[in-house]
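Undergrad: Sequence and predicted model, in that order:
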Amino acid sequence: MVMLENLSYGDAGFGDELLIGTLLTLELAVVSLVVGILLGLLTAAAKLSNNRFYRLLAQGYTELVRGIPEMLVVLVVFFGASALLQTVAGWFNYDAYIEVNAFVAGVFALGLVFGAFSSEVFRGAFLAVPKGQMEAAVACGMTSWQAFYRIRLPQMWRFAIPGLGNLWMVLLKDTSLISIIALDELLRWSKVAAETTKQPFTFYIAAAIIYLLLTILSDMARVRLENRANRGVMAHD
């Protein structure tokens, strides 16, 4: 009964705080997903570019981010951005301490990580679209950009959804790392509740169940998106 009371809503329990943390976790994950997809598309395009500088820049970004632990990326972004803003402010004789918003830092950090990994997914998806279709589009009078926008981009999503779905699962769980910079997402509220009530098992199990439910729902959504994207595609034996 004590466990149920601790999970209840209102002043008697931490149920409302866990709900708030869950909503913030979803908000953080969705915004980071948008940022990561944009970075991933740009990086994939750079990797497929004929410009050697763009290719090297994109490769350097992915190798750097994929080679560093996600938690370290979060810390570097949070404290590095503060140091950078402090330096710039110093040029204008502004000496007050500047702290980057934890949510913004978390979005940028998770977006960087997602973008680095998703760039390979997008690159493979772009290459999976038959080259002959692009050549046919150009032969019909389309510019390279029109062929990309009308032919390659719509079709590549069908190949990218499975990989992006897996990366979304990782992103959703990686939001817990943002608790280290004091953002009140699900894991941080679970930790606060556990320390306040001296019932760590109760709240960490509750958080685990919530994360599990979110991933199950996400996987169901991924399957529906895959089925929708593959409508009208002929099955091959």
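TA: Okay, I see it.

Undergrad: I'd like to know which elements the top helix by length along the chain is packed against.
TA: Secondary structure of the chain per DSSP state H: the longest helix is helix 15-47. If you count contacts as 3 or more Cβ pairs under 8 Å, 6 or more residues apart in numbering; DSSP states H and E, helix 15-47 packs onto helix 52-66, helix 102-128, helix 153-174, helix 186-197, helix 200-229. Backbone N, C-alpha and C define where each C-beta goes, glycine included.

Undergrad: Where does the prediction get shaky in the protein?
TA: 1-8, 10-12, 232-237 (pLDDT under 70).

Undergrad: now with 80?
TA: Residue ranges of the chain with pLDDT under 80: 1-14, 85-86, 89-90, 93-99, 134, 144-145, 147-149, 153, 229-237.

Undergrad: Let's check: the centremost residue of it is which one?
TA: Most central in the chain under Cα atoms, centre = their mean is Leu33, positioned 3.8 Å from the mean C-alpha point.

Undergrad: what angle do the longest helix of the chain and helix 200-229 make?
TA: Angle, helix 15-47 to helix 200-229, by axes from the mean of the first three to the mean of the last three Cα atoms, to 10 degrees: 40 degrees.

Undergrad: list the buried ones in helix 15-47?
TA: 15, 17-18, 21-22, 24-25, 28-29, 31-33, 35-37, 39-47 (16 or more other Cβ atoms under 10 Å).

Undergrad: Please apply the same query to stretch 118-136.
TA: Under the neighbour-count criterion of 16+ other Cβ under 10 Å, stretch 118-136 has Ser118, Ser119, Glu120, Val121, Phe122, Arg123, Ala125, Phe126, Val129, Met134 buried.

Undergrad: As JSON lines, those residues with distance to Ile180 would be great.
TA: Below are the buried residues of stretch 118-136 laid out as JSON lines (distance: Cβ to Cβ, whole Å):
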{"residue": "Ser118", "distance to Ile180": "23"}
{"residue": "Ser119", "distance to Ile180": "25"}
{"residue": "Glu120", "distance to Ile180": "27"}
{"residue": "Val121", "distance to Ile180": "27"}
{"residue": "Phe122", "distance to Ile180": "29"}
{"residue": "Arg123", "distance to Ile180": "31"}
{"residue": "Ala125", "distance to Ile180": "33"}
{"residue": "Phe126", "distance to Ile180": "35"}
{"residue": "Val129", "distance to Ile180": "40"}
{"residue": "Met134", "distance to Ile180": "45"}
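
Undergrad: and Leu110, how many neighbours?
TA: Neighbour count of Leu110, defined by other Cβ atoms under 10 Å: 28.

Undergrad: Was I right to think it contacts Ser32?
TA: Yes: under the criterion of Cβ atoms under 8 Å, Leu110 makes contact with Ser32 at 3.8 Å.

Undergrad: if we can go back for a sec, take the helices and strands packed on helix 15-47 and write them to a markdown table, including distance to Ala83.
TA: Below are the helices and strands packed on helix 15-47 laid out as a markdown table (distance: least, Cβ to Cβ, whole Å):
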| stretch | distance to Ala83 |
| --- | --- |
| helix 52-66 | 18 |
| helix 102-128 | 12 |
| helix 153-174 | 23 |
| helix 186-197 | 24 |
| helix 200-229 | 32 |
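
Undergrad: Of all those, which one is nearest Asp95?
TA: helix 102-128 (21.8 Å; Cβ to Cβ).

Undergrad: same for the closest one, what does it pack against?
TA: Counting by 3+ Cβ pairs under 8 Å, 6+ apart, helix 102-128 packs on helix 15-47, helix 52-66, helix 70-91, helix 153-174.

Undergrad: okay, those helices in a markdown table with distance to Phe103 next?
TA: A markdown table is the format used below for the helices and strands packed on helix 102-128 (distance: least, Cβ to Cβ, whole Å):
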| stretch | distance to Phe103 |
| --- | --- |
| helix 15-47 | 7 |
| helix 52-66 | 20 |
| helix 70-91 | 11 |
| helix 153-174 | 15 |
